[in-house]
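Predicted model and sequence below, questions to follow.
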Amino acid sequence: MNGPNMAFLHCGGIRIYLDANSGIVEARGNSLIYFRARNVDHAHSTFRDRGVTIHKAPHIIAGSPDSDVWLVWIRDLESNLLGVMEERRK
């Protein structure tokens, strides 16, 4: 699955996300890590209830004829983005 200025690679069961974000110059706060969830809406509710900084609520980032990829973004204590994603069958 690919989108504008990004690509996802599947490597031995691990998904690698590449982004052409040329505007980042600082070492801090520009790492992206994804985690897989069974239910991204439930994860979002849990994060919100626990006071986690929500950067972007669940939304579709990519799709195929069979499924959509949903993602919620949160921030860690060093301002890095952590993505929690769900591949939801249509």
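It's in.

avg pLDDT for the one helix or strand His10 maps to?
Using DSSP states H and E, His10 sits in strand 6-11. Per-region confidence: strand 6-11 scores 74 on mean pLDDT.

list the buried ones in the very next helix or strand once past it?
Stepping forward along the backbone from strand 6-11, the first helix or strand reached (DSSP H and E) is strand 14-19. Within strand 14-19, not a single residue qualifies as buried, counting by 16 or more other CB atoms under 10 Å. Where you see a C-beta, it was placed from the backbone N, CA and C, and this is true even at glycine.

Point out the other elements, helices or strands, that strand 14-19 touches.
The helices and strands touching strand 14-19, judged by 3 or more CB pairs under 8 Å, 6 or more residues apart in numbering; DSSP states H and E, are strand 6-11, strand 32-36.

same thing but at 6 Å, please
In this structure, strand 14-19 makes packing contacts with strand 6-11, judged by 3 or more CB pairs under 6 Å, 6 or more residues apart in numbering; DSSP states H and E.

rewinding a little: pairing partners for the strand holding His10, with directions?
Using DSSP bridges, strand 6-11 pairs in its sheet with strand 2-3 (antiparallel), strand 14-19 (antiparallel).

Could you identify which of those has the lowest mean pLDDT?
When the strands paired with strand 6-11 are compared by mean pLDDT, strand 2-3 comes last with a mean of 56.

pLDDT weak spots in the protein?
1-4, 19-31 (pLDDT under 70).

and the strand holding His10, C-alpha only, in CSV?
Taking C-alpha atoms only, strand 6-11 is exported to CSV below (Å, rounded to 0.1, in the frame of the first residue of the first chain):
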residue,chain,number,x,y,z
MET,A,6,5.0,7.4,1.5
ALA,A,7,5.5,3.7,0.9
PHE,A,8,5.0,0.6,3.0
LEU,A,9,7.3,-2.4,2.6
HIS,A,10,6.6,-5.8,4.0
CYS,A,11,9.8,-7.5,5.1
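
Return the distance of that strand from the chain's centre.
Distance, stretch centre to chain centre, for strand 6-11: 13 Å (CA atoms, centre = their mean, to the nearest Å).
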